[in-house]
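Student: Compute the structure for the input listed below.
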Amino acid sequence: MSEIFVVGNGASLKDFDFNFLVDKSWIGCCLGFRHWEKIGIYPTHYVCVDSVVCEHHRYKILEMIEQNKCESFLICGSMFKTDIGDKLKNYKNVVPIQNIMLSQNNPFRYLVDYCSGTSASLYGYILGFDKVNLLGMDCQYVEFIPECIEIDNGKLKIIETPKDNPNYYFNEYQQKGDIYNKPNVDRVHKNSWQDLRNIFLLYNILQQKDILIYNYNSKDNEKLDNYFEKKDINELKV
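Tutor: So this is what the prediction gives:
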């Protein structure tokens with residue numbers, strides 16, 4: 001059975017040894033590159049579909065693309081309208097999520113309230129793996145941390161690098177000057193994970209497949225535990 005690990009950035013990964021993933025197929029998300037750069041371990045595939053995060057960190061994402069850090073990159077289509085758009089067009093392994101959503105008979109068409117975590121999980125599905133393992137998908141955000149302020153259109157800005165960020169497995173995940181969308185856990189993220197569960201069920205029936213999805217996490221999570229079979233992350237050893 002072929003399997004892929006979909007790795008988020010939740011606090012549940014605080015003591016996780018990324019060496020476990022060295023010989024595995026895995027998908028990494030968003031600003032995880034700040035940690036990957038330090039440890040020298042990059043994901044097989046990269047996903048970030050938050051337009052604000054993509055555009056704010058477009059130069060770093062472009063750097064990963066140009067240096068072939070990952071086999072493919074699933075990003076927000078709005079990046080192609082920025083000052084790096086022409087460069088992105090030169091890479092066939094850079095895929096705008098909006099293009100996938102417009103494809104016929106593609107499960108992405110039904111992911112209504114999508115986030116990078118659910119998009120990465122569904123990406124693992126369409127890549128053809130038989131088993132999708134979730135890591136660090138906590139869906140338990142503290143919406144407003146003391147080090148952020150609200151700016152325009154619901155965006156938030158980090159005004160001081162947090163010394164203890166409750167939302168992520170490493171405190172430097174967000175740094176001074178970062179701009180991002182308010183998480184909107186209950187309105188967006190929770191609905192998105194429910195949609196993902198339903199899409200897996202539907203497409204397994206339509207395509208007569210039995211692709212499995214597991215949530216590896218040592219913490220109780222009322223938002224995800226009802227949707228996916230849970231396994232203890234401590235079962236995963238290097």
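
Student: confidence score at D23?
Tutor: As predicted, D23 sits at a pLDDT of 95.

Student: Can I take it that it is in a strand?
Tutor: No: secondary structure of D23 (DSSP: H, G, I helix; E, B strand; the rest coil): coil, not part of a strand.

Student: how many neighbours does it have?
Tutor: 6 (other C-beta atoms under 10 Å). In this view, the C-beta of every residue, glycine as well, is placed from N, C-alpha and C.

Student: Ok, E160 next?
Tutor: Using other C-beta under 10 Å: E160 sits among 13 other residues.

Student: C54 now?
Tutor: C54, neighbours per other C-beta under 10 Å, totals 21.

Student: mind listing what it touches?
Tutor: Neighbouring residues of C54 by C-beta atoms under 8 Å, 6 or more residues apart in numbering: C48, I61, I75, C76, S78, M79.

Student: next one: I84
Tutor: R58, Y59, L62.

Student: Around the last one, how many other residues sit close by?
Tutor: If you count neighbours by other C-beta under 10 Å, L62 ends up with 19.

Student: With Y123 as the reference, measure out to the residue nearest to it when sequence neighbours are not counted.
Tutor: Counting by C-beta to C-beta, 6 or more residues apart in numbering, I84 is the residue found nearest to L62 once chain neighbours are left out, at 5.0 Å. Distance, I84 to Y123, by C-beta to C-beta, to the nearest Å: 22 Å.

Student: L196 too?
Tutor: For L196, the distance to Y123 - C-beta to C-beta - is 11 Å.

Student: Any figure for the gap between N68 and Y91?
Tutor: Between N68 and Y91 the computed distance is 10 Å (C-beta to C-beta).

Student: actually P166, not the one I wrote
Tutor: Distance from P166 to Y91, by C-beta to C-beta: 36 Å.

Student: re earlier: could you check how far the residue nearest to L62 is from M101?
Tutor: In terms of C-beta to C-beta, I84 sits 22 Å off from M101.

Student: just W193 next, same as before
Tutor: For W193, the distance to M101 - C-beta to C-beta - is 18 Å.

Student: ok so, going back, helices - which of the contacts of I84 land there?
Tutor: Judged by DSSP state H, the contacts of I84 include R58, Y59, L62 as members of helices.

Student: number of nearby residues for the first one?
Tutor: Meaning R58. Counted with other C-beta under 10 Å, R58 comes out at 21.

Student: Contact partners for it?
Tutor: So R58 contacts M79, T82, I84 (C-beta under 8 Å, 6+ apart).

Student: Helix or strand: which one has the residue lying closest to the first one once chain neighbours are set aside?
Tutor: It refers to M79. Nearest in space to M79, with sequence neighbours left out and distances taken as C-beta to C-beta, 6+ apart, is C54 at 5.1 Å. If you go by DSSP states H and E, C54 is part of helix 51-56.

Student: Give the buried residues for that helix.
Tutor: By 16 or more other C-beta atoms under 10 Å, the buried positions in helix 51-56 come out as V52, V53, C54, E55, H56.

Student: how about those residues in TSV, adding pLDDT?
Tutor: Output for the buried residues of helix 51-56, formatted as TSV (pLDDT from 0 to 100):
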residue	pLDDT
V52	95
V53	95
C54	96
E55	95
H56	96
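
Student: Nearest to N19 among those?
Tutor: Closest approach between the buried residues of helix 51-56 and N19, by C-beta to C-beta: V53, at 26.8 Å.

Student: in terms of contact, does that closest one touch N181 like I think?
Tutor: Yes: between V53 and N181 there is a contact under C-beta atoms under 8 Å: 7.4 Å.

Student: Could I get the full set of helices for the chain?
Tutor: Using DSSP H, helices in the chain cover 33-39, 51-56, 58-66, 85-88, 97-101, 116-126, 190-206.
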